Every structure is written in C-alpha cells, then in structure tokens.
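J.: sequence and predicted structure are below.
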Amino acid sequence: MAPHPVTTKTYASRAASHPNSTARRLLETMERKKTNLCVSVDVTKSAEILDIVRQVAPYVCMVKTHIDIVEDFTIDLAHELRRLADELDFVIFEDRKFADIGNTVELQYSSGVHKIASWSHLTNAHVVPGPGIITGLGAAGKPLGNALILLAEMSSAGNLASGEYTEKAVQMAREAGLDWVVGFIAMHRVDKADDPDFLVITPGVGLDVRGDGRGQQYRTPHEVVHDSGCDVIIVGRGIYKNKDAVAAEAKRYQEAGWKAYEERLQRTA
Ligand code: S5P
C-alpha cells in the first residue's frame, strides 16, 4: 500500500503552505529545532511546571499543559508560559478536551480563571457534542490566530473513539476548514490521501514501559512516527518521572522521534 502522501513530505514543506498561523509556527519550529516532541507537563505546582519547561525546552516543539490540575494557579503562570514560548521557541497546547455545547465551550475557553484562549496557541475538543463545539471555540480562538484539534482516537484501553466515530471526527474537521481545525489526537493517520494537510498528534508514547496500570497504552516513537505516520509525539511521565533526568530523557525522546521521522522520509523518497 502506498504511504500516506503527508508522510512523504518534510515538516518544512508542509509549513510553507499551511493556512493556519499556529500550525505553521509548529511545523517551522519542528524543522528548525529538529524535534517532533511535545512534552506533557502534568504536575500540580507552578514552579515545577516552569522548571520542567525550562529543562525540556531545547528538545521540544510544543509544551502541553493541563492547567486545571495546577494547585497554585494564577494568571501569572500562563503569562510566564507564553513568555517562555517566545523566548525558548515552542508552541503551547492546553489539553482541555472541551466536550460541551458551543455556547458553553466558548465561555470555558475565553473566560473563567484560566482564560485559555488568551495564552494557549492550540487546544483540543471531543466531537461528542457535534460541530457546534467547533464553531463555539472558533468564535473565541480564531480571531487570536489559535488552532484546534479534534480527538478522533484515544490511547487508553477500551475507549469508544473508533470506527464510525473516528470517521465522523475527520469529516467534522474537513467541514470546519484547515484555517481553524488543523488536525487530530489520533493513534494513526486517520485522514485520507486527498485530505488537506492535517496534523496527527499522538499521546501514549514511551520507550521503557507498555502501560501505566490505569489503561494508558504506550508505543515507541518509531511505532508512532514511522509505522503509523503520526506527526507529533506527546510524552509525559516518560520524561519527568525521574526528576534528575528530565533534560536527558527529553533529549532521548527527541532523538528517537526525529530518527523515526528521517527514516520515514527515506522510506518514501
Ligand atoms: O488519548 C489520549 C489523549 C491525550 S491528550 N491519551 C492521552 O494520554 N492524552 C494525554 O497525554 C493525557 O491526558 C496526558 O496528559 C498525556 C499522556 O501522558 P503520559 O504520562 O501517559 O505520557
């Protein structure tokens, strides 16, 4: 079977023709820093988040947050993350997984204590509510140059995002337009050969273990990027669980992810 056409292209060439400024920035950063690694900083104290971000920054294209787990959150944390994103050259992805009607998600995205739209370049949404969730979030995020990805698949055992559900998620992205919905959380290339240039961003990545005892399922960067054709690997605990090796682990995943990308290009050249 011929490889998916997107997997034969460089990140740089995809950046050049992308209509969304956040996707363009992400793809340009990937090429410039030679990394398809997104670190998921799932810790609960602001100082620890900022410490991990500073340590992993040289090796990442993107930092992913769960801002609602931060116990000492103030908006200063968000402003500092945004400042670091510019200084240390990465994109911010708030993994909020919105899942309500359009009017509610617009408020959750723009307002409350977190004001996510004001500092997070990228966020994501479940498609359970239907396309209204995409337009609701777009009302707040599009004017700011942000981007949205949809959860078309999940990494956890027994999840319901498969088959027709996944196909409908992809169809909703097509209908929304690439200037706002730039891709998916998915485990493989869920888009078709003639689709616009969607990003497939993939969690459940680990080099040392295959699971976490709570349903998470890990695959290696090679399986994810080379075999499944995904674009960005998300790694959380694999990088920050050993506090003394955060930078070293980030470098290890960066190198593994980039090698898998280079091998994918060679295979299809
Ligand atoms: O299907 C999913 C979607 C996401 S965004 N499975 C996931 O694990 N995630 C997120 O990726 C999850 O919320 C967590 O922040 C990260 C994986 O973390 P790790 O420690 O298991 O690498």
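T.: Alright, I've got the coordinates.
J.: so which helix or strand takes in the residue lying closest to G130 once chain neighbours are set aside?
T.: Of all residues not flanking G130 in the chain, M172 sits nearest, at 7.8 Å (Cβ to Cβ, 6 or more residues apart in numbering). The C-beta positions use only the backbone N, C-alpha and C, and glycine is treated the same way. Using DSSP states H and E, M172 maps to helix 164-176.
J.: the closest residue to the ligand within the stretch 1-150 of the chain: what's it in contact with?
T.: Going by Cβ to the nearest ligand atom, the ligand is nearest to S40 of the stretch 1-150 of the chain, at 4.1 Å. Going by Cβ atoms under 8 Å, 6 or more residues apart in numbering, S40 touches 64, 66, 95, 203, 234-236.
J.: what do you get if the cut-off is 10 Å, keeping everything else the same?
T.: Contact analysis of S40 by Cβ atoms under 10 Å, 6 or more residues apart in numbering lists 52, 62-66, 93, 95, 203, 205, 234-240.
J.: what pLDDT is listed against the closest residue to it other than its chain neighbours?
T.: Counting by Cβ to Cβ, 6+ apart, S40 lies nearest to G236, which is 3.6 Å off, once chain neighbours are set aside. Note on G236: pLDDT of 98.
J.: what secondary structure does D191 sit in?
T.: coil (DSSP: H, G, I helix; E, B strand; the rest coil).
J.: what about it, how many residues close to it?
T.: Using other Cβ atoms under 10 Å, D191 is surrounded by 23 other residues.
J.: was I right about it contacting L150?
T.: No - at 11.2 Å, D191 does not count as touching L150 under the criterion of Cβ atoms under 10 Å.
J.: residues of the lengthiest helix in the chain that come out buried?
T.: The single longest helix within the chain, with elements called by DSSP state H, is helix 246-268. Buried positions in helix 246-268, judged by neighbour count with 16 or more other Cβ atoms under 10 Å: 246-247, 249-254, 256-258, 260-261, 264.
J.: likewise stretch 230-247?
T.: 230-236, 238-240, 246-247.
J.: can you check stretch 208-218 too?
T.: For stretch 208-218, by 16+ other Cβ under 10 Å, it's 216-218.
J.: just those that are near the ligand?
T.: Restricting those to those near the ligand by Cβ under 6 Å from any ligand atom leaves Q216.
J.: turn the buried residues of stretch 208-218 into a markdown table, including pLDDT.
T.: Output for the buried residues of stretch 208-218, formatted as a markdown table (pLDDT from 0 to 100):
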| residue | pLDDT |
| --- | --- |
| Q216 | 98 |
| Q217 | 98 |
| Y218 | 98 |
